[in-house]
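Novice: Provided below are the primary sequence and the corresponding predicted coordinates.
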Amino acid sequence: MIPEIGQLSLILAFCFAIIQGILPLIGVWKNNATLSNFAVPAARAQFVFIALAFICLGYSFYANDFSVLYVASNSNSHLPLVYRLAAVWGGHEGSMLLWVSILAVWTMAVTMFAKGLPKSFRIRLIAVMGLVSVGFLAFIIFTSNPFERLVPAALDGRDLNPLLQDPGMVFHPPVLYMGYVGFSVAFAFAIAALLDGRLDVTWARWTRPWTTVAWVFLTLGIAFGSEWAYYELGWGGWWFWDAVENASFMPWLIGTALIHSLAVTEKRDAFKVWTVLLSICAFSLSLLGTFLVRSGVLTSVHAFATDPGRGLFILIYLVVVIGGALLLFALRAPTVGLGERFEVVSRESMLLANNVVLAAAASSVLLGTMYPLLMDALGAGKISVGPPYFDAVFVAIMVPGIFLMGLGPLAKWKKTSLPEIGTRLRVAAVISVVSALLVPSVMGKLTLMAAVGVFLGIWVMSTSLILLGNRIKTRQAAVPNLIENLKGIPLAFYAMLLAHIGIGVFILGVTLVKGYESEQDLRMEVNDVAQIGNLEFRFEGAKEVAGPNYLSSQGKFIVTSNNKEVAVLHPEKRFYPVQGAMMTEADIEPGVIKDLYVSLGEPLENGAWSVRIYIKPFVRWIWAGCILMALGGVLAFSDRRYRVVNKKNTKETQDLQEAFES
Amino acid sequence: MNRAIKFLIPLILFLIAVGFLAKGLFLDPHEVPSPLVGKPAPRFQAPILGEGSKTFSSEEMKGKVWLLNVWASWCPACRDEHPVLMAMAKTGQIAIYGLDYKDTDAEAQAVLKEHGNPYNTVATDADGKIGIDYGVYGVPETYVIDKAGVIRYKQIGPITEEILLTKIVPLLKELER
């Protein structure tokens, strides 16, 4: 009964999505208020029914209803409750339902919070989101129905993939989807603006907070995923340039470009066409990512469910949504105009460079991801492009970009002189060069990669701090009290500093872990001691432990340094009988300076094990950097100027002016 | 006019990409003739994975029919191919030699430890120089080399069961004669 209610709710949601997508657009076009007024109620009704469907599926998992095919394939009566609920998005059908549910959440948010917009604009916005939803709901209903019955019902389920039985599974997919589905709002804003012919400063101001929030979720989602892979896969890597990772990373790169480009459009009324294009691209890449992951065109470790029929459906959907958007862009964008002019050396041109670098980086990732497909389609065979390509190309593109990141915020709008920036940056340059030589030497040996990495990381951080110093100094005459002075600086400014410092922290983490990690593969008998640097790892043997739905061999390692106990680690080798799968559960002692990482390989004779021990210096900085970036996003969103719409020359706007002009 | 065309560029690029995606959706792996087939296999000497100072030389293989499989731990397609190689190794019909392309020893060893090792010996090509000689442009790639050291067959992309049974096994039988 419950699954049928879920099924029916999905169909009703589909009907409401059609109403939401079509009637209001006709209403605005024909100036018919009755039709236009359908937008908000239809969107809310759609939200209610999708939520109901989602709850029904969740309930089927909760109640172990193995007469539902999807539940039988992805759950098991011995699976702990929290994973049974997370298993809702553990397979293809459910992750599509999660996708569309999150789209409904965003649409609901738009109906509730996008109040300051002109009516026609707001209605178009909601209608575009409705159209996006129509396609996805149709996809679920016609090709990927999560409520399909299994006759006769299974006695027990086939269990959730053991790789996914992890707390990461609870948070990572929803947060990630909040991010890349969130770009649908920016997309809808762009389409509504193109339909409306309204591409101006106010449009940019409305779009910015929505884009920033989506970007924050995406940043956190990617960081979660990376941390999860790091401890779950048992080989200590944190990024694999896997097609699925790239699918989330490309929208992030374009989203980052979009955030910066929106700033220029809002402040200077420039880059308008480019900003619209980025808005379309960010969401298009999210959709493309869904296609790549779900259609099976690329071989990927993440692809759990693949099917060419579904692939064809998504492809047609892509053509309609992205093709339609780009066609509208081609027709309408030429009438927009170019906006304000600016000099070669100015903040605008720096931000343009930032955009070019990020777009180039995203293109290179796209090319690498699509290349195997391209070669295949051209008849050149199936190949795969791996980290060697991505590392080389991506780093080469980003290095100049990161260097410019230090200069950009110091440049003024319209026109700046280079010598002026130069004098301001002398100190940062000295600090960065000294650290670039010093840090690698302290860590071990000085290599070019390490030096360049440390230079860039410190460069970004030190220029940000100098910027803050300058800011305080210019305000000092007016506000002599330091605390008052700091309080008076707009949040948006701190937001930028925090996000940029986050990038610096991230770069340092990547550089140091790549350059100075160490690992040992050992055969260890009980009470054997492995010596790595000044650390001693003593293996106390492994014992059998039974988990709720697995059997585990749990090792015990005591780590000491100069006879002082530093950590006790319990890596496990788990066997999940339902799927017959072995899983390595590494155990990690995290630290600011370094992680100690131990994972069990295979059992050998006489209680001995093959063991892998890693020392990962500064690896936490990678995720700490991401969290700082996300916090920056939160601050940017909290800036009070988004609370004051349509009020010119208020105190806030003056603060704002100041924020971006010094 | 010129200006209008500029705004069409994104749409055109997108449609080209869609063309490839559509084609990719209905494609199966298939082989292409390589200019190296029928030519002597390039000679190389390289360190053996996991054996420190020892090296493997292609000269040692003179007089034997062997398979050179180029792979890497970072390559998901290699992971797909792996069970086929394992099955092939189990039959003992052919000596499979691996070339670990642009990889680190530790990660390569981890993969073999986790999934099994089908190779007699794995030579390492950390900087990809041997790969250049062999014209490797993506992994996995597999070469069948005859007793005279001539490349008789090249497989780009994973070896599937079908390719193994219809192409490689008959070829090996012929070459062993």
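Specialist: Thanks, I have it. Numbering: from 1, shown residues only, chains lettered A, B, ... in the order given.

Novice: Let's check: the centremost residue of the chain is which one?
Specialist: By default, I'm working from chain A. With distances taken as C-alpha atoms, centre = their mean, A:Leu218 lies nearest the centre of chain A, 2.7 Å away.

Novice: that answer is for a different chain, and I need it for chain B
Specialist: Short answer for chain B (C-alpha atoms, centre = their mean): B:Glu141, at 1.5 Å.

Novice: Just the element for the closest residue to that residue other than its chain neighbours, please.
Specialist: The shortest distance from B:Glu141 to any residue other than its chain neighbours is 4.5 Å, reached at B:Val70 (C-beta to C-beta, 6 or more residues apart in numbering or on different chains). Backbone N, C-alpha and C define where each C-beta goes, glycine included. Taking DSSP states H and E as the definition, B:Val70 sits inside strand B:66-71.

Novice: packing partners for that strand?
Specialist: Packing partners of strand B:66-71 (3 or more C-beta pairs under 8 Å, 6 or more residues apart in numbering or on different chains; DSSP states H and E): helix B:76-91, strand B:95-101, helix B:129-134, strand B:141-145.

Novice: got the contact list for the nearest residue to A:Val336 once chain neighbours are set aside?
Specialist: Among residues not flanking A:Val336 along the chain, A:Leu199 sits closest, at 4.9 Å (C-beta to C-beta, 6+ apart). Shown in contact with A:Leu199 (C-beta atoms under 8 Å, 6 or more residues apart in numbering or on different chains): A:Ala193, A:Lys272, A:Val273, A:Val276, A:Val336.

Novice: Format the residues you listed as TSV; extra columns: neighbour count, distance to A:Gly255 and secondary structure.
Specialist: Putting those into TSV (neighbours: other C-beta atoms under 10 Å in any protein chain shown; distance: C-beta to C-beta, whole Å; DSSP: H, G, I helix; E, B strand; the rest coil) gives the following:
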residue	neighbour count	distance to A:Gly255	secondary structure
A:Ala193	26	18	helix
A:Lys272	22	18	helix
A:Val273	20	18	helix
A:Val276	30	14	helix
A:Val336	18	22	coil
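
Novice: Next one: A:Lys543 from A:Gln520, what distance?
Specialist: 23 Å (C-beta to C-beta, to the nearest Å).

Novice: between the two, which one's more packed in?
Specialist: Between A:Lys543 and A:Gln520, counted using other C-beta atoms under 10 Å in any protein chain shown, the more crowded position is A:Gln520 (15 against 12).

Novice: quick one: the residue nearest to the centre of chain B from A:Leu498, how far?
Specialist: Applying C-beta to C-beta to B:Glu141 and A:Leu498 gives a distance of 47 Å.

Novice: What parts of the stretch 551-662 of chain A come near chain B?
Specialist: The stretch 551-662 of chain A comes close to chain B at residues A:Gly601, A:Glu602, A:Ser610, A:Arg612, as judged by C-beta under 8 Å from any C-beta of the partner chain.

Novice: Mind doing that once more with 6 Å?
Specialist: Contacts of the stretch 551-662 of chain A with chain B, taken as C-beta under 6 Å from any C-beta of the partner chain, map to A:Gly601.

Novice: Next secondary structure after the longest helix belonging to chain B?
Specialist: For chain B, the helix that runs over the most residues, judged by DSSP state H, is helix B:2-25. Next helix or strand after helix B:2-25 toward the C-terminus (DSSP H and E): strand B:45-47.

Novice: Name the residues of the very next helix or strand once past that following strand that are buried.
Specialist: The helix or strand immediately downstream of strand B:45-47 is strand B:55-57, counting by DSSP H and E. For strand B:55-57, the neighbour count (16 or more other C-beta atoms under 10 Å in any protein chain shown) marks B:Phe56 as buried.

Novice: In its sheet, which strands sit next to strand B:55-57, and in what direction?
Specialist: The sheet places strand B:55-57 alongside strand B:45-47 (antiparallel), with pairing taken from DSSP bridges.

Novice: what's the strand it pairs with in contact with?
Specialist: Here strand B:45-47 makes contact (C-beta atoms under 6 Å, 6 or more residues apart in numbering or on different chains) with B:Thr55, B:Phe56, B:Ser57, B:Ala123, B:Thr124, B:Asp125.

Novice: Same check on stretch A:619-638?
Specialist: Against stretch A:619-638 from outside (C-beta under 6 Å, 6+ apart): A:209, A:212-213, A:215-216, A:219-220, A:223, A:227, A:491-492, A:494-495, A:498-499, A:501-502, A:505-506, A:508-510, A:513, A:590, A:595.

Novice: Quick check on the residues you listed: which are buried?
Specialist: Buried among the contacts of stretch A:619-638 by 16+ other C-beta under 10 Å: A:209, A:212-213, A:215-216, A:219-220, A:223, A:227, A:491-492, A:494-495, A:498-499, A:501-502, A:505-506, A:508-510, A:513, A:595.
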